[in-house]
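In: Could you work out the structure for the sequence below:
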Amino acid sequence: MKKILSIALAAVVALGFTACNDKGKGGDSALNDSISTAFGELYGSGMGQQLKQDSTIKMDDVMKGIKVILKSDTSDHAFMAGIQIGMQIQQMMGGVKQQYGVDINEKAFMDSFMKALKKDSVNQEEMMALQQSIEPMLKRAKEAKAASDPVAINNKKKGAEFIAKKAKEGGYTKTKSGIVYKVLAQGSGANFTDKDVVEVKYVGKLIDGKEFDSSNGEAAAFPVTGVVPGFSEMLKLMKPGMKVEVIIPGELAYGVDGREPKIGPNETLVFELEAIGVKKMDAKGGNQVPVEVAPTEMK
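Out: Next comes the predicted model:
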């Protein structure tokens, strides 16, 4: 929907400015009418098809909005900038509602917005500090949203039951953080560290056995610190040649966000991992050199 509005607004504004700048110029009126009709059909057909994808959009309301723009004085650049900014704010508010469950208080927002808008200047440090203050609040809002989301609640419950069942089975180890793993083949050498980029074959499944991702039998390279927390923790418990099955609870995987469309909120993940090798930094800290080990068969 954002893309549709952006395209529509850009087209209307661009055509509006052009029309304004050409006021008073002559031309073939019949040709102008033909071009106008063709443009109208082109834009109407394209935008109509896109708008019809959203059943909540009322075409009469769309027409009201278009007429407001077309009847405005497009020579007033400040007014047009205000229209664009207003639409961006509206889209932002909708995004915050959808992602974090927060209803932006329009009065509180506009009071703060107008005060900040009229400032003589704002330095980069102030902007950074403001952004950093917002992030933990959004995190709390997201957690509150997840706490009332029936899908997230159900996924977390099923995941906990699955992990508890596996933890009781022989051969599984549960870490302090909550991941559960079983060693399928021992490796050799030193454990991986945060500084390593590990080459690993993997298959990822949901607790119902449905596969959501895999390396297709080939080794994929992962920075130990560049993956979800549970995956990172498991890599640091491994060494070259080692194979494991690891179960990662949702909060140590993709959390309340999930990873649509395959991974839902608070979804517990099951990985089968085989560490093929590690890429270590050379003595000068330059290019990374792969250190390969022969894969071992699963026991």
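In: mind listing the strands for the chain?
Out: 172-174, 180-185, 197-206, 211-214, 220-223, 243-248, 269-281, 288-292 (DSSP state E).
In: Deepest-packed of these, please.
Out: Highest mean neighbour count of the strands of the chain: strand 243-248, a mean of 24 (counted as mean count of other CB atoms under 10 Å). For the C-beta atoms, the positions are set from N, CA and C on the backbone; glycine is no exception.
In: which residues make contact with it from outside it?
Out: Contacts with strand 243-248, where a contact means CB atoms under 8 Å, 6 or more residues apart in numbering, come from 162-163, 166, 179-185, 187, 207, 228, 230-231, 234, 237-238, 268-275, 296, 298.
In: one step back: closest one to residue 133 among the strands of the chain?
Out: strand 220-223 (29.3 Å; CB to CB).
In: same for that closest one, what does it pack against?
Out: Other helices and strands packing on strand 220-223, by 3 or more CB pairs under 8 Å, 6 or more residues apart in numbering; DSSP states H and E, are strand 197-206.
In: Show me what the strand it packs on packs onto, helices and strands only.
Out: Against strand 197-206 (3+ CB pairs under 8 Å, 6+ apart) you get strand 211-214, strand 220-223, strand 269-281, strand 288-292.
In: let's see 7 Å
Out: strand 211-214, strand 220-223, strand 269-281 (3 or more CB pairs under 7 Å, 6 or more residues apart in numbering; DSSP states H and E).
In: ok so, going back, and the strands of the chain as TSV, adding mean pLDDT?
Out: Formatted as TSV, those follow (pLDDT from 0 to 100):
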stretch	mean pLDDT
strand 172-174	93
strand 180-185	96
strand 197-206	96
strand 211-214	94
strand 220-223	92
strand 243-248	97
strand 269-281	87
strand 288-292	43
